[in-house]
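Enquirer: This is a predicted model, with the sequence first.
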Amino acid sequence: MQRGDGVFETTHVRGGQPWLLDEHLDRMARSAERLDLDVPARPALVELAGQACAAWPADTEGALKIVVTRGPEDTGETTCFATITAVPDSTRKARRDGVKLGTLSLGVAAGTRSAAPWLLGGAKTLSYAMNMACQRWAAAAGLDDVLWVSSDGYLLEAPTATLVWLEHGTLYTVPDSTGILSGTTVRYLLDHVGTLGWHTAKRMVRPTELEGASGVWLTSSVRGIIAVRELDGVKLADPPQTDTLRELLGYPA
């Protein structure tokens, strides 16, 4: 665990139950396969999640984290545990007010990680030190978060969230081929926005292109969906659909 050699998933807990647990465990299995890491059998992980949630107040919004590591270096025995924490007030504020973002270079071209599996693009590993450093940079710069940009100028993802944007009735997100983490929340969103009469697609996008979007959002398991109000100092459209999308995902305000 000291080397970040492990995987984890975080699910939103609502009504005392973990939301999209199967989808998160599917992604954990894919990440573990990339690391050649054995994880406990699915029933054991489901039981672990159930035990954690059973001890959590059903009326309190929470975040369930399931962690699997390669274990102590001298044994190599897999270690697995779960924790639940309350969703902070800052998350609810972001849902209401939206966020200001800046862009930071990831230092690789958009197609590099897919062509280099050892870079672990798309795997949700414990190696989040760089992600947290980027968020600290954002805070020091008076921002709420960042979006990573490839060296060839394309937007990728935030350190802990997926980018989506609306143009002419189509909700877009970034292709998985860029090595971004495939988001469970955004997958649910894309599968259900047809009820709003929207289409969905994936495409590459440069930062300045979002200036003309009808709405730009970040999605993640704990935050749900939050509007991006500003990017690199440029104000973006104030999307009236944010509340509708949050309700579609089942998150409180």
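Expert: Perfect, I can see it now. Numbers count the residues shown, from 1 in each chain.
Enquirer: just the helices in the stretch 151-253 of the chain please.
Expert: 184-192, 242-249 (DSSP state H, counting those that start in this stretch).
Enquirer: Comparing those, which comes out most buried?
Expert: Mean neighbour count (mean count of other C-beta atoms under 10 Å) peaks for helix 184-192 among the helices of the stretch 151-253 of the chain, with a mean of 20. Where C-beta positions appear, they are placed from N, C-alpha and C, glycine not excepted.
Enquirer: Which neighbouring elements make contact with that helix?
Expert: Under the contact definition 3 or more C-beta pairs under 8 Å, 6 or more residues apart in numbering; DSSP states H and E, helix 184-192 sits against helix 21-34, strand 162-167, strand 170-173, strand 215-220, strand 224-231, helix 242-249.
Enquirer: give me that answer again for 7 Å
Expert: Applying 3 or more C-beta pairs under 7 Å, 6 or more residues apart in numbering; DSSP states H and E, one finds that helix 184-192 contacts helix 21-34, strand 162-167, strand 170-173, strand 215-220, helix 242-249.
Enquirer: how about the helices of the stretch 151-253 of the chain in CSV, adding mean pLDDT?
Expert: Shown next, in CSV, are these (pLDDT from 0 to 100):
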stretch, mean pLDDT
helix 184-192, 98
helix 242-249, 97
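Enquirer: wait, which of those is closest to residue 178?
Expert: helix 184-192 (13.8 Å; C-beta to C-beta).
Enquirer: pull the CA atoms of the closest one into PDB?
Expert: Written as PDB, here are the backbone C-alpha positions of helix 184-192 (Å, rounded to 0.1, in the frame of the first residue of the first chain):
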ATOM      1  CA  THR A 184     -19.700   5.000 -13.600                       C
ATOM      2  CA  THR A 185     -21.800   8.100 -12.900                       C
ATOM      3  CA  VAL A 186     -21.300   9.500 -16.400                       C
ATOM      4  CA  ARG A 187     -22.200   6.100 -17.900                       C
ATOM      5  CA  TYR A 188     -25.500   6.200 -16.000                       C
ATOM      6  CA  LEU A 189     -26.100   9.700 -17.100                       C
ATOM      7  CA  LEU A 190     -25.400   9.000 -20.800                       C
ATOM      8  CA  ASP A 191     -27.700   5.900 -20.600                       C
ATOM      9  CA  HIS A 192     -30.600   8.000 -19.200                       C
END
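Enquirer: List phi and psi for residue 8.
Expert: Main-chain dihedrals, residue 8, degrees, to the nearest 10: phi -150, psi 160.
Enquirer: which ones are touching it?
Expert: Listed by C-beta atoms under 7 Å, 6 or more residues apart in numbering, the contact set of residue 8 reads 65-67, 124, 126.
Enquirer: Contacts only, for the residue nearest the centre of the chain.
Expert: Geometric centre of the chain, nearest residue: residue 161, 3.3 Å, by C-alpha atoms, centre = their mean. Listed by C-beta under 7 Å, 6+ apart, the contact partners of residue 161 are 218-220, 223.
Enquirer: Equivalent analysis for residue 145, please.
Expert: 99, 101, 135, 138, 158.
Enquirer: Among those residues, which are located in helices?
Expert: Counting by DSSP state H, these place 135, 138 in helices.
Enquirer: Redo the contacts of residue 145 as a markdown table? Include distance to residue 15.
Expert: What follows is these, written out as a markdown table (distance: C-beta to C-beta, whole Å):
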| residue | distance to residue 15 |
| --- | --- |
| 99 | 26 |
| 101 | 31 |
| 135 | 29 |
| 138 | 32 |
| 158 | 27 |
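Enquirer: Need the contacts of residue 145 in JSON lines (columns: distance to residue 28, pLDDT and neighbour count).
Expert: Output for these, formatted as JSON lines (distance: C-beta to C-beta, whole Å; pLDDT from 0 to 100; neighbours: other C-beta atoms under 10 Å):
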{"residue": "99", "distance to residue 28": "27", "pLDDT": "98", "neighbour count": "22"}
{"residue": "101", "distance to residue 28": "28", "pLDDT": "98", "neighbour count": "25"}
{"residue": "135", "distance to residue 28": "23", "pLDDT": "97", "neighbour count": "18"}
{"residue": "138", "distance to residue 28": "27", "pLDDT": "98", "neighbour count": "21"}
{"residue": "158", "distance to residue 28": "20", "pLDDT": "98", "neighbour count": "25"}
